[in-house]
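Asks: Got a predicted structure here, sequence first:
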Amino acid sequence: MAGLRREAVRSVPAGMPYGMLRYGLRAGVFEWLLERVPTPRRTPFTLGYLAVVGATTTFAGIADPELVQRLREASSSDGHNLLQHPLRALVLSGFWVAGEVWLPYVWGFALTLAPLERRVGTGRAAAVFAIGHVAATLLSQGVVITAVEAGRMAPEAMDHLDVGVSYGVLACLGAVAGLLPWRGRVLALGGAGLMIAQQIATGKDVVTAVGHPAAVLAGVVLSRWLRRIERRPPRPRTRAAQAPAVASSAAAAVRAGARPSTAR
């Protein structure tokens, strides 16, 4: 390693002002970027979910349009499907994107789900995504169902196609924001608020107007749970886990000529 470092130092052009400082900054930035690139080992849930969404989007682009429409309608989490097939609607609606292009979702996953998974682990990141998706879906469609029953919306509103991953992504954004220092938290939530306000102003869709803020709020609430988990002290090692360490220390003491002691 020392030889490699000396070789790297010699590679810095002589006479360059602050050459070592610039080389160190470049190496540090490159290493920082590499640590945040999603990989199957660090972010398996992020890449696996992207693969599934990419597969369904590709299928929607090459398959028969009528077949795709029937599958999306069966997977939709609209009011009628939630009342008749709630589990199927909640699960399958998250495996489609709202549109024909999935590349923007790559950036959404890379900036929300991937950093959350790196920090809190695969299981907790998946839980945040799922809870945000389910909670925002039930709340937004609950508003639609209530409005239809009260006569404020037409019954056809309960049949509007409702698929996509935006609720899960926004929940992860809220959770990541909640784990940041207060300045980063304000910037992240402020950006999310501006984006949602623009969507509401241009789309004027009740489901989006209720579901997107609810998803972000769910993520922020779950970030408090994640913070408590991070602050927990590590669990003490059990006797079974301590046994190999005790045996190895005793063997080392025997080799050194000392009398082994029994730990209790």
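Replies: Cool, got the structure.

Asks: CA atoms for contacts and neighbours, from now on please.
Replies: Noted.

Asks: so residue 212 sits right up against residue 170, yeah?
Replies: Yes. Here residue 212 reaches residue 170: they are 6.9 Å apart, a contact under CA atoms under 8 Å.

Asks: Helices along the stretch 101-250 of the chain, start to end?
Replies: 103-111, 113-120, 122-149, 166-179, 182-203, 206-231, 239-255 (DSSP state H, counting those that start in this stretch).

Asks: could I get these as JSON lines with distance to residue 71?
Replies: Below are those laid out as JSON lines (distance: least, CA to CA, whole Å):
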{"stretch": "helix 103-111", "distance to residue 71": "21"}
{"stretch": "helix 113-120", "distance to residue 71": "26"}
{"stretch": "helix 122-149", "distance to residue 71": "19"}
{"stretch": "helix 166-179", "distance to residue 71": "19"}
{"stretch": "helix 182-203", "distance to residue 71": "25"}
{"stretch": "helix 206-231", "distance to residue 71": "21"}
{"stretch": "helix 239-255", "distance to residue 71": "50"}
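
Asks: Return the most buried member of those.
Replies: helix 166-179 (a mean of 29; mean count of other CA atoms under 10 Å).

Asks: quick check: angle from that one to helix 113-120?
Replies: Angular relation of helix 166-179 and helix 113-120 on a 0 to 180 degree scale: 40 degrees, by axes from the mean of the first three to the mean of the last three CA atoms, to 10 degrees.

Asks: quick one: average pLDDT of helix 166-179?
Replies: The average pLDDT for helix 166-179 rounds to 96.

Asks: Quick one: distance of it to the chain centre.
Replies: Distance of helix 166-179 from its chain centroid, counting by CA atoms, centre = their mean, to the nearest Å, is 7 Å.

Asks: the inter-axis angle of it versus helix 122-149?
Replies: Using the same axes, to 10 degrees: helix 166-179 against helix 122-149 is 120 degrees.

Asks: now for helix 166-179, which elements pack on it?
Replies: helix 103-111, helix 113-120, helix 122-149, helix 182-203, helix 206-231 (3 or more CA pairs under 8 Å, 6 or more residues apart in numbering; DSSP states H and E).

Asks: Remind me what the second one packs against, helices and strands.
Replies: Other helices and strands packing on helix 113-120, by 3+ CA pairs under 8 Å, 6+ apart, are helix 44-62, helix 122-149, helix 166-179.

Asks: do the first one as well
Replies: Other helices and strands packing on helix 103-111, by 3+ CA pairs under 8 Å, 6+ apart, are helix 44-62, helix 166-179.

Asks: so who does residue 193 touch?
Replies: Shown in contact with residue 193 (CA atoms under 8 Å, 6 or more residues apart in numbering): residue 213.

Asks: Poorly predicted segments of the protein, please.
Replies: Applying pLDDT under 70 to the chain flags residues 1-38, 233-264.

Asks: Which residue, other than its chain neighbours, is closest to the most centrally placed residue in it?
Replies: Closest residue to the average C-alpha location of the chain: residue 113 at 1.9 Å, with CA atoms, centre = their mean. Nearest non-adjacent residue to residue 113, counting by CA to CA, 6 or more residues apart in numbering: residue 172, 5.5 Å away.

Asks: got the contact list for the one you found?
Replies: Contact analysis of residue 172 by CA under 8 Å, 6+ apart lists 112, 113, 116, 125, 128, 129, 132, 216, 219.

Asks: just checking, the last one touches residue 167?
Replies: No. Using CA under 8 Å as the test, residue 219 is too far from residue 167 to be in contact (9.8 Å).
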